[in-house]
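*Asks:* next input, structure requested:
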Amino acid sequence: METLTRDEHIAWCKKRALEYVDNGEVINAITSIASDLRKHPETKNHPGIQLGIMMLMLPSKSSDLEWARKFIDGFR
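*Replies:* Predicted coordinates for the structure are as follows:
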């Protein structure tokens, strides 16, 4: 099985997470991208993982679809 490049893996993570956003599921979107990023050696310690989880603790962010979409789209 061929390993994805870092950029390919991030694109895959974002696609999966944005599917949750499209369904109105902010918490699942953020936990999805966090979990998926941990699956690749070059993204397993991405600083966005911890930031996203911390942001979910803010009541204003846990249901903010616009924030979730922008946050996920911003991963590089």
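
*Asks:* tell me the mean pLDDT over the longest helix anywhere in the chain?
*Replies:* Ranked by residue count and defined by DSSP state H, the top helix of the chain is helix 6-22. What helix 6-22 shows for mean pLDDT is 98.

*Asks:* so how far is Leu58 from Arg16?
*Replies:* Arg16 is 23 Å from Leu58, where distance means C-beta to C-beta, to the nearest Å. C-beta coordinates here come from the backbone N, C-alpha and C atoms, glycine included.

*Asks:* which one's more surrounded, the two?
*Replies:* Arg16 (15 against 10; other C-beta atoms under 10 Å).

*Asks:* how much space between that one and Asp7?
*Replies:* To Asp7, Arg16 is 15 Å away according to C-beta to C-beta.

*Asks:* if we can go back for a sec, quick one, the following helix or strand past the longest helix of the chain and helix 6-22 angle?
*Replies:* Downstream of helix 6-22, the next assigned helix or strand under DSSP states H and E is helix 26-37. Interaxial angle, helix 26-37 versus helix 6-22 (axes from the mean of the first three to the mean of the last three C-alpha atoms, to 10 degrees): 160 degrees.

*Asks:* buried ones in helix 26-37?
*Replies:* Within helix 26-37, the residues scored as buried using 16 or more other C-beta atoms under 10 Å are Val26, Ala29, Ile30, Thr31, Ser32, Ile33, Ala34, Asp36, Leu37.
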